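Asker: any chance you can model this:
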Amino acid sequence: MRKLTDYVEMAATEYLQETGKDELGSVWVAEFFQDCGVQDDYPKQDLVDFFALVQKALTIKIEMAAKLARLQLDKSMHSARGQRKS
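Answerer: Okay, here's the model as predicted:
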């Protein structure tokens, strides 16, 4: 049996890859909850609570990706400035 946090991370990653959206779809998460075994492994887990956990993980993933993109952009801009000075 997987840990609940594994299901949360898996759902957030899968949703982001499939949709690219930052707002979790309720139908999507309900299907994941049922089809991927969360409901079977955690029968007392509330779907609304699971939705909130996945949305939080999704938000963190998006914020991290945005931060990484800003760092890469800053790095490439800094590198381009250094090349112009030479």
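Asker: low-confidence ranges in this structure?
Answerer: By pLDDT under 70, the weakly predicted segments of the chain are 84-86.
Asker: now the residue nearest to the spatial centre of it, nearest residue through space, not along the chain?
Answerer: With distances taken as C-alpha atoms, centre = their mean, L58 lies nearest the centre of the chain, 3.1 Å away. With C-beta to C-beta, 6 or more residues apart in numbering as the criterion, L58 has its nearest non-adjacent residue at 4.4 Å, and that residue is A12. Placement of C-beta: from N, CA and C, glycine included.
Asker: tell me the contacts of that neighbour?
Answerer: V54, A57, L58, K61 (C-beta atoms under 8 Å, 6 or more residues apart in numbering).
Asker: do I62 as well
Answerer: Applying C-beta under 8 Å, 6+ apart, the residues near I62 are L16, D22.
Asker: give me the phi and psi for the residue nearest to the centre of the chain.
Answerer: Here is the backbone geometry of L58 (degrees, to the nearest 10): phi -60, psi -40.
Asker: distance of it from L16?
Answerer: 6 Å (C-beta to C-beta, to the nearest Å).
Asker: the residue nearest to L58: which element?
Answerer: Per DSSP states H and E, A12 falls inside helix 4-19.
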